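Participant: predicted model follows, preceded by the sequence.
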Amino acid sequence: MCSGSFAKCLGITLIPLAILCVLCNILLFFPGGLVAEDNNHITNEVFYFGGIMGSGVMMIFPALVFLGLKNNDCCGCCGNESCGKRFAMFTSIIFAGVGVLGAGYSFIVSAVAIHNGPKCLYTNGTTDLWTNPFVNGDYLNNHTLWEGCRKPEGIVTWHLTLFSMLLVMGLLQVVLCAIQVVNGLIGAICGDCCGCCGGGKRTLLY
């Protein structure tokens, strides 16, 4: 498969992942699927916008660049038949790096959020207060601690499900962008395997 075609496949995969990450981050603003009565009732890591900015906006630009590599005009670089294509593949490496940073940011934010747990109305003896009771991460192995969260209903499952999705999708985006770094490097050094500027057609004329 040509470097440009392979990059296009990566771009097609990255766009729906970016959209899903944005949706997950937006849903996290509604703890337990409900409208929060106060912003202080929303988990702090949600406001870091890992899914919206990191795996969302910062991933759209690399994805669009990857999609355009297949149809890039490779004859526009000083009259050299392969220079333009090689330069485009080199540029894609830079955008892939941006994608790695964005997805990596989302991955780290999600990992921290999973460890710290959600904010909820927690019962501590006779006192009920909105807090983040699971900052030490013990709740992951001790599900009985979840019962202390009175509101919103099902907030722990909601929190874990959405941030776990962001974690997995962020990791997948990092891998796909890293693959494009290698693919772009091969394309920049070796050129596109399909030939350039109708090279294949000229061969047929002979």
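Facilitator: Received it, and whenever you're ready, just let me know what you need. Numbering: from 1, shown residues only.
Participant: tell me which residues in stretch 148-165 are buried?
Facilitator: 148-149, 152, 155-156, 158-160, 162-163, 165 (16 or more other CB atoms under 10 Å). C-beta: built from backbone N, CA, C; applies to glycine.
Participant: repeat for stretch 169-176
Facilitator: Applying 16+ other CB under 10 Å to stretch 169-176 flags 169-174, 176 as buried.
Participant: nearest to Tyr48 among those residues?
Facilitator: Gly170 (12.5 Å; CB to CB).
Participant: all helices for the protein, in order.
Facilitator: Here the chain has its helices, by DSSP state H, at 3-27, 58-69, 83-116, 155-190, 199-205.
Participant: any idea how far Ala18 is from Ala103?
Facilitator: To Ala103, Ala18 is 9 Å away according to CB to CB, to the nearest Å.
Participant: mutual contacts of the two, please.
Facilitator: 55, 59, 173 (CB atoms under 8 Å, 6 or more residues apart in numbering).
Participant: for the most centrally placed residue in the chain, what are its contacts?
Facilitator: For the chain, Ser55 is the residue whose C-alpha lies nearest the centre (CA atoms, centre = their mean; 2.9 Å). By CB under 8 Å, 6+ apart, the residues touching Ser55 are 17-18, 21-22, 102-103, 106, 166, 169-170, 173.
Participant: again, 10 Å this time
Facilitator: 14, 17-22, 24-25, 49, 99, 102-107, 109-110, 166, 169-174 (CB atoms under 10 Å, 6 or more residues apart in numbering).
Participant: with Leu176 as the reference, measure out to it.
Facilitator: Distance from Ser55 to Leu176, by CB to CB: 11 Å.
Participant: common neighbours of those two, please.
Facilitator: With CB under 10 Å, 6+ apart, Ser55 and Leu176 have common neighbours 14, 17, 99, 103.
Participant: adding distance to Pro133 and neighbour count, write the residues you listed out as JSON lines.
Facilitator: Formatted as JSON lines, the shared contacts of Ser55 and Leu176 follow (distance: CB to CB, whole Å; neighbours: other CB atoms under 10 Å):
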{"residue": "Leu14", "distance to Pro133": "36", "neighbour count": "25"}
{"residue": "Leu17", "distance to Pro133": "32", "neighbour count": "20"}
{"residue": "Gly99", "distance to Pro133": "35", "neighbour count": "31"}
{"residue": "Ala103", "distance to Pro133": "30", "neighbour count": "32"}
